[in-house]
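J.: Provided below for reference: sequence and predicted model.
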Amino acid sequence: MNWILLIIAGLFEVGFASCLGKAKETTGILSTYWMIGFFVCLSISMFLLYKATQVLPIGTAYAVWTGIGAVGTVLVGILIFKEPATFWRIFFLSTLIASIIGLKFVSSH
């Protein structure tokens, strides 16, 4: 269950990073709405990370959380914000995913 909470926390990290990107692109009330989304996603992400670290090792949980956020944010950047999907970006994204999976398998919980 704690791994599920951690994955959801990582997805909300993607949410707050994406909202931050959209807030930067917009103005006025629309920017305010994106910032509200940012703070909501940030709060949920932090709370779920806190809950997961009550059982999972902090180092592993934090690395997995940031990894999910990084991978998800890069994918959102490529798919939504039309950032370049170069060979090296995809290569290093793949190594990050392999590292996250590796940490999950070597974790004692």
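T.: Received it, and whenever you're ready, just let me know what you need.
J.: The helix or strand bottoming out on mean pLDDT in the chain: which residues count as buried?
T.: When the helices and strands of the chain are scored by mean pLDDT, DSSP states H and E, helix 87-106 comes last with a mean of 90. When burial is assessed from 16 or more other C-beta atoms under 10 Å, helix 87-106 yields the following buried residues: L93, L96, I100, L103, K104. C-beta: built from backbone N, CA, C; applies to glycine.
J.: how about TSV for those, with distance to F39 added?
T.: Formatted as TSV, the buried residues of helix 87-106 follow (distance: C-beta to C-beta, whole Å):
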residue	distance to F39
L93	27
L96	27
I100	26
L103	29
K104	29
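J.: List just the nearest of the residues you listed to G59.
T.: Nearest to G59 out of the buried residues of helix 87-106 is L103 (C-beta to C-beta; 8.7 Å).
J.: Could you list which residues are in contact with the closest one?
T.: With C-beta atoms under 8 Å, 6 or more residues apart in numbering as the criterion, the residues that contact L103 are T60, A63, V64, G67.
J.: picking that back up, from the buried residues of helix 87-106, pick the one nearest L30.
T.: Proximity of those to L30, judged by C-beta to C-beta, is greatest for L93, which lies at 29.8 Å.
J.: Looking at per-residue confidence, what score does the residue nearest to that closest one when sequence neighbours are not counted get?
T.: For L93, ignoring the flanking residues on the chain, the nearest one in space by C-beta to C-beta, 6 or more residues apart in numbering is V74 at 5.6 Å. As summarised for this prediction, V74 has a pLDDT of 94.
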